[in-house]
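*Asks:* Any chance you can model this:
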Amino acid sequence: MIDSVRNTVLSVVNKGNFGYITPDDFNLYAKQAQIDIFEDYFYQYNTWILKQNNRQSGSGYADMALLAEEVIDIFSKTVVLTNTSNKFNLPDDFYHISKVIYGGSKQVDRVSQDKILNILSSNLTAPSTIYPVYSQEGNIITVYPSTITTGISSQYTRTPKDPKWTYMDIGSGEPLFDASNSDYQDFELPSTDESLLVSKILQFAGISIREADVYTFGSQEENKNQQVQG
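*Replies:* Residues are numbered from 1 along each chain as shown. Take a look at the predicted model:
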């Protein structure tokens, strides 16, 4: 998909003689565009859940919350966490923790930083291996009781891999797309987001090359996509 997106972006830019977008610049815009769309899926999911609760959404193919959830699930992973000084390190690519699991089957409850001290100091609420809890600080979680040092895993949503359009330098003219390059990476979003990726990249390109028409075109196309999505 990334080559198709780039060709469309260059077609729009070249049609108006607005300049040239280098592969490196395109990759930077592509990375930001993908992140923006990825993060918007969480907003969409929350919005459509609220609409469902108010009986304002459809079902089946019209179940937009389910469609957003299916895209988010593409980025779901489960990994065993590494214990360092009684703290467990989350993977570098984590975006959102879905759940923390102890012993392969027991879900560990999350406790906010402002409540953890009260819970630990209370005989009634003190965590145990039967009812463990965890707190999070950045990309590190601490599991209580402290006797739990192994057997902790996490199901989490990872960030998308950075897209990278790779190419062969043929000496003159436009570089030639090369998907066999070792660091090639396509977009990880579904193909239905192709037009939205194009519009967002055009907005970034318009700002960079200081062409208001390119930015405006990208904004208009993004608005059209959002109206279709509801």
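
*Asks:* Which strand residues bridge the nearest residue to D3 once chain neighbours are set aside?
*Replies:* Using CB to CB, 6 or more residues apart in numbering and skipping the chain neighbours, the partner closest in space to D3 is F177 (4.8 Å). In this view, the C-beta of every residue, glycine as well, is placed from N, C-alpha and C. In this entry, F177 is beta-bridged to Y167, by DSSP bridges.

*Asks:* Per-residue pLDDT of F177, please?
*Replies:* Note for F177: predicted pLDDT of 94.

*Asks:* same question, Q32
*Replies:* Model confidence at Q32 (pLDDT) stands at 94.

*Asks:* any weak-confidence spans in this structure?
*Replies:* 16-19, 52-64, 207-230 (pLDDT under 70).

*Asks:* quick one, longest strand in it?
*Replies:* strand 94-102 (DSSP state E).

*Asks:* Going by neighbour count, which residues in that one are buried?
*Replies:* F94, Y95, V100, I101, Y102 (16 or more other CB atoms under 10 Å).

*Asks:* Closest one of these to N181?
*Replies:* Y95 (26.3 Å; CB to CB).

*Asks:* thought K106 was touching P132?
*Replies:* Yes - between K106 and P132 there is a contact at 7.1 Å, judged by CB atoms under 8 Å.

*Asks:* so where do the strands sit in this protein?
*Replies:* 76-80, 82-84, 87-89, 94-102, 106-110, 133-137, 140-144, 152-158, 167-168, 176-177.

*Asks:* Could you export those strands as TSV, including distance to Y45?
*Replies:* Formatted as TSV, the strands of the chain follow (distance: least, CB to CB, whole Å):
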stretch	distance to Y45
strand 76-80	13
strand 82-84	30
strand 87-89	27
strand 94-102	11
strand 106-110	19
strand 133-137	21
strand 140-144	24
strand 152-158	11
strand 167-168	36
strand 176-177	34
